[in-house]
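S.K.: kindly generate the corresponding structure for this input.
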Amino acid sequence: MSPFKGQTGLKRILNAAGYSLDGLRAAFTGEAAFRQLVLLNVVLIPLSFFLDVSRGERALMIGVCLLALIVELLNSAVEAAIDRISLERHPLSKNAKDMGSAAQFTALTLITAVWATILLG
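M.R.: Coordinates of the predicted model:
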């Protein structure tokens, strides 16, 4: 059992929130792709409130934008874990990093498809 799993209740929630903020800070300061996605979200999310779309459509437009941030956080976590294990080039490491990149590409494609379907449909 992990020694880091001992907290319960409000203390655990506060610790988890702190770890989450640390992760967001690390992604923002260390990952250019995350900063670019934050900028995209800063533009697209407020824009969605000025468009003549239903609440459900707006929620979907915002949801796919936030999903891309989530995917980038997971992609960055995979890359960091792979680099922690070894900086040596290895086919499995390349596959893991490429799959993370493909997941992010898919999330960006989803943003484009959802926004285009709603705005052009």
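S.K.: show me what the lowest-mean-pLDDT helix or strand in the chain is in contact with.
M.R.: The weakest-scoring helix or strand in the chain, judged by mean pLDDT, DSSP states H and E, is helix 9-30 (a mean of 95). Residues from elsewhere that reach helix 9-30 (C-beta atoms under 8 Å, 6 or more residues apart in numbering): 7, 34-35, 38, 72-73, 76. The C-beta positions use only the backbone N, C-alpha and C, and glycine is treated the same way.
S.K.: mind listing what's buried along that helix?
M.R.: By 16 or more other C-beta atoms under 10 Å, the buried positions in helix 9-30 come out as Ala27.
S.K.: same check, this time on stretch 113-121
M.R.: 114-115, 118.
S.K.: got CSV for these, with secondary structure, distance to Arg12 and pLDDT too?
M.R.: Converted to CSV, those look like this (DSSP: H, G, I helix; E, B strand; the rest coil; distance: C-beta to C-beta, whole Å; pLDDT from 0 to 100):
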residue, secondary structure, distance to Arg12, pLDDT
Val114, helix, 35, 98
Trp115, helix, 38, 98
Ile118, helix, 39, 98
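S.K.: tell me which element His40 falls in.
M.R.: I think there's a mix-up here, since residue 40 is Leu and not His. helix 32-48 (DSSP states H and E).
S.K.: give me the angle between that helix and helix 9-30.
M.R.: Helix 32-48 runs at 110 degrees relative to helix 9-30, counting by axes from the mean of the first three to the mean of the last three C-alpha atoms, to 10 degrees.
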